[in-house]
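Novice: Next come a sequence and a model predicted from it.
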Amino acid sequence: MEKQLIGRGVLSGAIAGLVMFVFARIFAEPIIQKAIDYESARDAAQDALDKAAGKAIPAAGPDIFSRTIQGNLGIGAGLILFGAAMGALVAVAYIICIGRTGRIRPRPLGYLVPAFFFVGVYLVPFIKYPSNPPAIGHEETIRTRGALYLILVFCSCLFLFLAVYVGQKLHRRWSVTTSAVLVGIGYLAVMTVIMLILPALGHLHANVVEYGKHATETPLPLTDEDGTIVFPGFPADVLAQFRAYSVGAQVILWGVMALVFAPLAERVLAPVARTQRTTATSTVAG
């Protein structure tokens, strides 16, 4: 049974990844291209400033893959594989939850587990560290940014799990609605404190030293030695569109995964449930 559920989780995740790729290719890829064009033009402007100042200009390295491959085969294969991996993770979590979630039936549980991961892994961390397109973020802070994001994801999933666990305990004394409201408020309060403790990306040491203290790493206008703006900052509309499409892509990923996985998991568990009912009936009759 476990292998069947994991296989169906991988299948549902791969399907969700494919749908996510179609959405990203139509809507997000043009925005990514705009960000890459901005980055290239800004680098050219920076090189011109450095050349005028007599500084050495480093040679640009060759692209390993063309934008055509990156925007089609690369992103497609990546999202399908990512979806399959997340589907396997959902299936494992689903297996762990079976028999430990009270009266929740197999199909609703198949919807709730992906919803848990959407909120814990993506939505809540997105509030503090939202997705950024290329041209945003500095090479000096890549490791720090990655570590901070993983810390927030870990805390989000951990405290969301504890909220669900405590909610089940409270349900023995109060209604489902009351229990859900109480643990929801508690979870949001804890995550708010954690987000306030974790630094903003613009406050990282490397950014403060070179660019000053800002809320984000979004590129500011490029200026010459006299302070004259020679190249604009990153377009706010491009950033807003990218983040909106990022949220939409994640909703599609976890939503499609839930819609596909839940009925498949129910079919796997249906024969087991019938066998258990038959055994129980036989025991009572005997």
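Specialist: Received it, and whenever you're ready, just let me know what you need.

Novice: Please make it C-alpha for all contacts and neighbour counts, starting now.
Specialist: Noted.

Novice: got a list of what the most centrally placed residue in the chain touches?
Specialist: Nearest to the mean C-alpha position of the chain, by CA atoms, centre = their mean, lies Tyr122 at 3.6 Å. Residues near Tyr122 by CA atoms under 8 Å, 6 or more residues apart in numbering: Val153, Gln250.

Novice: And for Ala84?
Specialist: So Ala84 contacts Gly9, Val10, Leu11, Ser12, Gly13, Ala14, Ile15, Gly17 (CA under 8 Å, 6+ apart).

Novice: one step back: roughly how far does the residue nearest to the centre of the chain sit from Gly146?
Specialist: Distance, Tyr122 to Gly146, by CA to CA, to the nearest Å: 14 Å.

Novice: burial count for the nearest residue to Val121 once chain neighbours are set aside?
Specialist: In space, and not counting its chain neighbours, Val121 is closest to Val153: 5.4 Å by CA to CA, 6 or more residues apart in numbering. When neighbours are counted by other CA atoms under 10 Å, Val153 registers 19.

Novice: Correct me if wrong, but Val153 is in a helix.
Specialist: Yes: Val153 sits within a helix when classified using DSSP: H, G, I helix; E, B strand; the rest coil.

Novice: contacting residues around it?
Specialist: Contacts of Val153 (CA under 8 Å, 6+ apart): Gly120, Val121, Tyr122, Pro125.

Novice: Using ChimeraX, define a selection of the buried residues within those.
Specialist: Here is the ChimeraX command that selects the buried residues among these (16 or more other CA atoms under 10 Å):
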select :120,121,122,125
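
Novice: Identify, from the contacts of Val153, the entry nearest to Gly167.
Specialist: Closest approach between those and Gly167, by CA to CA: Gly120, at 16.1 Å.

Novice: thinking again about what came up before, so which of the contacts of Val153 are in helices?
Specialist: Under the assignment DSSP state H, these contribute Pro125 to helices.

Novice: can you put the contacts of Val153 in CSV and add distance to Val256?
Specialist: Shown next, in CSV, are the contacts of Val153 (distance: CA to CA, whole Å):
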residue, distance to Val256
Gly120, 17
Val121, 16
Tyr122, 16
Pro125, 21
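
Novice: Let me know the secondary structure of the closest residue to Ile36 other than its chain neighbours.
Specialist: Of all residues not flanking Ile36 in the chain, Pro134 sits nearest, at 6.0 Å (CA to CA, 6+ apart). At Pro134 the chain is in coil, as set by three-state DSSP.

Novice: need the contact list for Phe116.
Specialist: Leu160.

Novice: What separation is there between it and Cys97?
Specialist: For Phe116, the distance to Cys97 - CA to CA - is 12 Å.

Novice: show me where pLDDT drops low in the stretch 151-286 of the chain?
Specialist: 272-286 (pLDDT under 70).

Novice: run the last query once more with 50
Specialist: Filtered on pLDDT under 50, the stretch 151-286 of the chain yields the residue ranges 277-285.

Novice: show me where it has strands.
Specialist: Along the stretch 151-286 of the chain, counting by DSSP state E, counting those that start in this stretch, strands occupy 222-223, 229-231.

Novice: May I see these arranged in TSV, with mean neighbour count and distance to Leu239 as well?
Specialist: Output for the strands of the stretch 151-286 of the chain, formatted as TSV (neighbours: other CA atoms under 10 Å; distance: least, CA to CA, whole Å):
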stretch	mean neighbour count	distance to Leu239
strand 222-223	16	18
strand 229-231	15	17
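
Novice: Make a markdown table out of those strands and add distance to Ser246.
Specialist: Output for the strands of the stretch 151-286 of the chain, formatted as a markdown table (distance: least, CA to CA, whole Å):
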| stretch | distance to Ser246 |
| --- | --- |
| strand 222-223 | 27 |
| strand 229-231 | 27 |
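
Novice: So for Gln70, which of these sits nearest?
Specialist: Going by CA to CA, the one of these nearest Gln70 is strand 229-231, 27.1 Å.
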